[in-house]
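Chemist: please work out how this folds:
(chains A and B)
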Amino acid sequence: MTTPGAVVTAGRTAGHDEPGTLAPPGGPPVITTAGLTMRYPGPVTALDGLTLEVGPGITGLVGSNGAGKSTFIKILLGLLAPSSGTAAVLGADCTASGEAIRTLTGYMPEHDCLPPDVTATEFVTHMARMSGLPVTAAKERAADSLRHVGLYEERYRQIGTYSTGMKQRVKLAQALVGDPRLLLLDEPTNGLDPAGRTAMLDLVRSIGTDFGISILVASHLLGEIEQICDQLVAIEGGRLLRADTISSFTRASHVLLVEVDEGGPELAAELTSRGLAPVPYQRTLLLRLTGDDTYDAVRDAIADLGLPLNRMERRRHRLEELFRDDPADAPEPTGAGDAR
Amino acid sequence: MPADMTSPVVGPAGASPAGVIHNIGYRAYDGPRLGHGHIVLALCWHSLRSAFGLGRGFKAKVVPVLTLVIMSLPAIVNAAVVAVNTNQKQLVSYGAYVPQLRILVLLVFVAAQAPELVSRDLRSHTLPLYFARPIRRADYPAAKLAGFALACLILVDGPLLVLYLGMVTQLHSGSAVWTNTKHMLVGLAIGAAWAVLLAALGLVLASLSGRRAFATGAVAIFLLLSFTLARVLAQIGEQTPAGGLIRLNGTGTPPPLVGLSGLISPFTDLEGLRLWLGGTTSGAVPVNPGGYGPLYLLMFVVFLGAAVGGLIARYRKVGVA
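Modeler: Numbering: from 1, shown residues only, chains lettered A, B, ... in the order given. Okay, the predicted model is just below:
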């Protein structure tokens, strides 16, 4: 068993046998694991010696599909017994106290899990009862939860008539209804369009910050999850890649991509003269994004030069790039306050 | 409305209108959290309601209401006839009731409603939401079984109570009432055996499939096929070598094939069990346990054990999340 408490310094990639500690000041860890290993017969190793500590706040659990995120969540809920190692949620051991943990934890699964032929109110009320709430409290909290996720007007409609975005909200509401201390959200933006994703992420962010509920949100889309998390845990192949606060994760990865139909070199020169450091990448320019001034500078430069702007977007980095210590083929703008 | 609306929660800037958190503070819940026993009770109650389509749309109520009405008809007719003609003897017995009707109604009810309780949750993958709550693995099937058995009990024993009310209002001597009550209580017990066994068999078969049609088919085919097989075997056994028929109707010693054939189907097993325990035959569903009575009890236990065990095993294996 690894000694807990060792701190992973900002930006350092942790090996799977090194513990990652995320506990920020201000609260005991919400999730603690030590040498957590899960092997399915097969043999498939879903988790491999995962040791980490997650503090209160919103934590992103990021990893590609099959990295072990869902297995991790099931172990935390006490639904799966790990092959070896230990896990604790809110100070209670997951194997021994699964029932106590599940009383204070809300879970939103990745997949579809709603019956189509009942109303959202009935369903969430029933789920509140299943969380151990008395009848009256279940009804009140179901109404509250549905209001919190923005479904108050539509709550008497059958779930089958809902859009994907509304169904995701019902899933979130049923997780929230038992007033959990911890929410485990598995890919909450699954199947949503860009607007729906933004809305769902804002919702998760609000629940975490305004309601004071700790959240572990699993996603394979780092670009998404980084917008709302205080801290990030990255796993790959069941191993801990990195555990850190969000700022150290994203410092090196805020990149703006600008594409003009013509006049790329001129734009690059203009941007350089404005104090930015554009890096040509294929037919585009990459810029370190430092804030709104970067957008303004690009806008002004393009306007001054009268160039046809084709595309300007924040580059959505792929996971692998982020975890590579030396992002060789992930073009990073050089000389712009390099984080590494 | 919450008392603490003083701290408005405003959605983050830039949130789309759909993403607005409404302007209401989050209320933490500090009331009681009931233990898993209460949760099982709640799920049991919920299952009982679903079995009768309560809390669902109009369509969900058609089969349960219709079966309940049809099942009660003989008791209502009996009450009417006895009220009109006070010399009329009881038309319908407490023990057997109207066996053909009971078999048909239970067949329809169990095949239609058992999937309502278990297949829906399988189909819509709701089970992970249950198991992510303070529920133990066996709680779910136990609560579903209790709820459905209770529903079947209402269907079977409810009409017996109607029958009883119809009778006792016309009886004038205390001893007659007492005799009638005793018969009624025995009938209720027999009805309970029917309800529990058929509920368990129906649920375990329905839980094999999330597709409602398949689940209904599985229940109906098992109950119908086993019943038909039992009847065919009994009829073969009743034929004498000379080509005649032995009609024993519960008395005397039947040929082994006749005595054993009733074990195959839950319906004939229940009827045979009743006859072995001293019930009088109605003749409508001729079952003749003869000397094999204990086997009928054994078979009842085997049916029930297999169904309950199968149900628990089914939910031990079902995907958690």
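Chemist: count the residues that sit near residue 200.
Modeler: No chain specified, so I'll use chain A. Residue A:200 has 24 neighbouring residues, counting by other CB atoms under 10 Å in any protein chain shown. C-beta here means a position set from N, CA and C on the backbone, and glycine is covered the same way.
Chemist: looking at chain B here, not the other one
Modeler: Residue B:200 is flanked by 27 other residues according to other CB under 10 Å.
Chemist: give the closest residue to it in space, chain neighbours not counted.
Modeler: Nearest residue to residue B:200, sequence neighbours excluded (CB to CB, 6 or more residues apart in numbering or on different chains): residue B:307, at 3.6 Å.
Chemist: did I read that right, that neighbour in a helix?
Modeler: Yes: residue state for residue B:307 (DSSP: H, G, I helix; E, B strand; the rest coil) corresponds to a helix.
Chemist: hmm, residue B:206 and it touching each other?
Modeler: No: contact criterion CB atoms under 8 Å: residue B:307 and residue B:206 do not qualify, at 11.0 Å.
Chemist: more crowded one of those two?
Modeler: Neighbour count, other CB under 10 Å: between residue B:307 and residue B:206, residue B:206 has more, with 31 against 22.
Chemist: which stretches in the stretch 151-300 of chain B count as helices?
Modeler: Using DSSP state H, counting those that start in this stretch, the helices of the stretch 151-300 of chain B run over B:174-206, B:212-238, B:256-261, B:266-276, B:293-317.
Chemist: what's around the residue in chain A positioned nearest to chain B, how many residues?
Modeler: Going by CB to the nearest CB, chain B is nearest to residue A:199 of chain A, at 3.0 Å. By the criterion of other CB under 10 Å, residue A:199 has 25 neighbours.
Chemist: before we move on, what about residue B:139?
Modeler: 21.
Chemist: can you list the residues of the stretch 1-150 of chain A near chain B?
Modeler: Within the stretch 1-150 of chain A, the positions adjacent to chain B are A:70, A:73-74, A:77, A:79-80, A:99-100, A:102-103, A:105, A:107, A:109, A:111-118, A:122, A:126-127, A:129-134, A:137, A:141, A:144, A:147-148, A:150 by CB under 8 Å from any CB of the partner chain.
Chemist: just the buried residues of the residues you listed.
Modeler: Neighbour-count burial (16 or more other CB atoms under 10 Å in any protein chain shown) is assigned, among those, to A:70, A:73-74, A:77, A:79-80, A:99-100, A:102-103, A:105, A:107, A:109, A:113-115, A:117-118, A:122, A:126-127, A:129-133, A:137, A:141, A:144, A:147-148, A:150.
Chemist: just the helices of the stretch 151-300 of chain B: most buried one?
Modeler: Of all the helices of the stretch 151-300 of chain B, helix B:266-276 has the most neighbours on average by mean count of other CB atoms under 10 Å in any protein chain shown, namely a mean of 26.
Chemist: could you pick out the longest helix of chain A?
Modeler: In chain A, with assignment by DSSP state H, the single longest helix is helix A:194-210.
Chemist: and it, what does it pack onto?
Modeler: strand A:58-62, helix A:164-176, strand A:214-219 (3 or more CB pairs under 8 Å, 6 or more residues apart in numbering or on different chains; DSSP states H and E).
Chemist: residue B:128: which of these is closest?
Modeler: Checking the helices and strands packed on helix A:194-210 against residue B:128 by CB to CB gives helix A:164-176 as the closest, at 10.7 Å.
Chemist: give me the distance between the longest helix of chain A and the centre of its chain.
Modeler: 11 Å (CA atoms, centre = their mean, to the nearest Å).
Chemist: compute the inter-axis angle for that helix and strand A:214-219.
Modeler: 160 degrees (axes from the mean of the first three to the mean of the last three CA atoms, to 10 degrees).
Chemist: mind listing what's buried along helix A:194-210?
Modeler: A:196-210.
Chemist: show me what contacts the closest residue in space to residue A:122 that isn't next to it in sequence?
Modeler: Closest residue to residue A:122 apart from its sequence neighbours, by CB to CB, 6+ apart: residue B:55 at 6.3 Å. Going by CB atoms under 8 Å, 6 or more residues apart in numbering or on different chains, residue B:55 touches A:118, A:122, B:49.
Chemist: from the residues of the stretch 1-150 of chain A next to chain B, which land in strands?
Modeler: When DSSP state E is applied, the residues of the stretch 1-150 of chain A next to chain B are split such that A:105, A:107 fall in strands.
Chemist: help me confirm that residue A:241 is found in a strand?
Modeler: Yes: counting by three-state DSSP, residue A:241 is found in a strand.
Chemist: please tell me I have it right and it contacts residue A:232.
Modeler: No: counting by CB under 8 Å, residue A:241 stays clear of residue A:232, with 9.9 Å between them.
Chemist: residues near residue A:304, how many?
Modeler: Residue A:304 has 11 neighbours, counted by other CB under 10 Å.
Chemist: am I right that it falls within a helix?
Modeler: Yes: assignment of residue A:304 by three-state DSSP places it within a helix.
Chemist: report pLDDT for the residue nearest to it when sequence neighbours are not counted.
Modeler: In this structure, residue A:304 finds its nearest non-sequential neighbour in residue A:270, 6.9 Å apart by CB to CB, 6+ apart. We note a pLDDT of 87 for residue A:270 in this prediction.
Chemist: report the secondary structure state of residue A:270.
Modeler: Counting by three-state DSSP, the backbone at residue A:270 sits in helix.
Chemist: please apply the same query to residue A:86.
Modeler: Under three-state DSSP, residue A:86 falls in the strand class.
Chemist: which residues does it contact?
Modeler: Residue A:86 touches A:1, A:33, A:34, A:35, A:36, A:93, A:94, A:95, counting by CB under 8 Å, 6+ apart.
Chemist: can you lay out these as JSON lines showing secondary structure and neighbour count?
Modeler: Listed next are the contacts of residue A:86 as JSON lines, based on DSSP: H, G, I helix; E, B strand; the rest coil; neighbours: other CB atoms under 10 Å in any protein chain shown:
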{"residue": "A:1", "secondary structure": "coil", "neighbour count": "9"}
{"residue": "A:33", "secondary structure": "strand", "neighbour count": "29"}
{"residue": "A:34", "secondary structure": "strand", "neighbour count": "19"}
{"residue": "A:35", "secondary structure": "strand", "neighbour count": "19"}
{"residue": "A:36", "secondary structure": "strand", "neighbour count": "26"}
{"residue": "A:93", "secondary structure": "strand", "neighbour count": "15"}
{"residue": "A:94", "secondary structure": "coil", "neighbour count": "25"}
{"residue": "A:95", "secondary structure": "coil", "neighbour count": "14"}
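Chemist: switch these over to CSV; also include pLDDT.
Modeler: Compiled in CSV, the contacts of residue A:86 are given as follows (pLDDT from 0 to 100):
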residue, pLDDT
A:1, 38
A:33, 93
A:34, 93
A:35, 92
A:36, 92
A:93, 93
A:94, 92
A:95, 90
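Chemist: surely residue B:147 touches residue B:47?
Modeler: Yes: under the criterion of CB under 8 Å, residue B:147 makes contact with residue B:47 at 2.7 Å.
Chemist: which neighbours do those two have in common?
Modeler: residue B:117.
Chemist: thinking again about what came up before, check which helix or strand covers the residue nearest to residue A:122.
Modeler: Here residue B:55 is covered by no helix or strand, with elements defined by DSSP states H and E.
Chemist: what's the pLDDT at it?
Modeler: pLDDT recorded at residue B:55 is 79.
Chemist: angles on the backbone of it, please.
Modeler: Phi and psi for residue B:55, reported as degrees, to the nearest 10, are phi 80, psi 10.
Chemist: pull stretch A:271-284 out as CSV, backbone CA atoms only.
Modeler: Coordinates of the C-alpha atoms in stretch A:271-284 are reproduced here as CSV (Å, rounded to 0.1, in the frame of the first residue of the first chain):
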residue,chain,number,x,y,z
LEU,A,271,0.0,39.5,-34.6
THR,A,272,3.7,39.3,-33.7
SER,A,273,3.8,43.1,-33.8
ARG,A,274,0.9,43.2,-31.4
GLY,A,275,2.9,41.2,-28.9
LEU,A,276,1.5,37.8,-29.6
ALA,A,277,3.4,34.7,-30.7
PRO,A,278,1.5,33.0,-33.5
VAL,A,279,2.7,29.6,-34.5
PRO,A,280,1.8,28.3,-38.0
TYR,A,281,0.1,25.0,-37.9
GLN,A,282,-1.0,23.4,-41.1
ARG,A,283,-3.1,26.2,-42.7
THR,A,284,-3.8,27.9,-39.4
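Chemist: fine, thanks again, bye for now.
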